[in-house]
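Novice: pasting the sequence and the predicted coordinates here, then a few questions.
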Amino acid sequence: MKSLAKDNELFDLLKSSQLRILDSSILKINIFIQDHQLLIEMDFLPIKGDMFRLRFSDIREYSFYHRHDHHFRYVENFSLLKSGDLFYFTFDPEDERLMAISENDQDFILFGSFEGYLLD
């Protein structure tokens, strides 16, 4: 596993599509406690490029939904926002063109820090 970036630098990589999350597949989601802290790890397989992992920490809120006929696994659109000292990532935004958090967004994480890693 090779470290890619953290926080604002990772935010910029994802926003610029240098690290391509759109049209990737979510391979795995791990939600666990480590050192008394809630962490969420998500592994992605992009159409082109190497598998990568995003590790979210300082979790304030999260929500994931799955139903057999709901295509959670494929990232067809997303929104990544920064508000003050928090980040917000949704994989099912009400409208990805909006630059604000919506109460109708689904599959989201509100968090204080995140890191990206290339996977072998």
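Specialist: Thanks, I have it.
Novice: could you dump the one helix or strand residue 89 maps to to PDB, C-alpha only?
Specialist: Residue 89 belongs to strand 86-92 when elements are defined using DSSP states H and E. In PDB, the C-alpha atoms belonging to strand 86-92 read as follows (Å, rounded to 0.1, in the frame of the first residue of the first chain):
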ATOM      1  CA  LEU A  86     -15.100  19.200   7.700                       C
ATOM      2  CA  PHE A  87     -15.300  17.300   4.400                       C
ATOM      3  CA  TYR A  88     -18.500  15.800   2.900                       C
ATOM      4  CA  PHE A  89     -18.500  12.900   0.400                       C
ATOM      5  CA  THR A  90     -21.700  11.600  -1.100                       C
ATOM      6  CA  PHE A  91     -21.900   8.800  -3.600                       C
ATOM      7  CA  ASP A  92     -25.600   9.400  -4.300                       C
END
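Novice: buried residues, that strand. List them.
Specialist: 87, 88, 89, 90, 91, 92 (16 or more other CB atoms under 10 Å). The way it works is simple: take the backbone N, C-alpha and C, and place the C-beta from them, glycine included.
Novice: that one - contacts with which helices or strands?
Specialist: Using 3 or more CB pairs under 8 Å, 6 or more residues apart in numbering; DSSP states H and E, the elements in contact with strand 86-92 are strand 79-83, strand 106-118.
Novice: lowest average confidence across those strands, which one?
Specialist: Among the helices and strands packed on strand 86-92, strand 79-83 has the lowest mean pLDDT, at a mean of 88.
Novice: now it: buried residues?
Specialist: 79, 80, 81.
Novice: and the gap between residue 28 and residue 116?
Specialist: Going from residue 28 to residue 116 by CB to CB, to the nearest Å gives 15 Å.
Novice: neighbour-wise, which of the two wins?
Specialist: Under the neighbour definition other CB atoms under 10 Å, residue 28 and residue 116 were set side by side, and residue 116 has more, 22 against 11.
Novice: grab the nearest non-local neighbour of the more buried one.
Specialist: Nearest residue to residue 116, sequence neighbours excluded (CB to CB, 6 or more residues apart in numbering): residue 4, at 3.9 Å.
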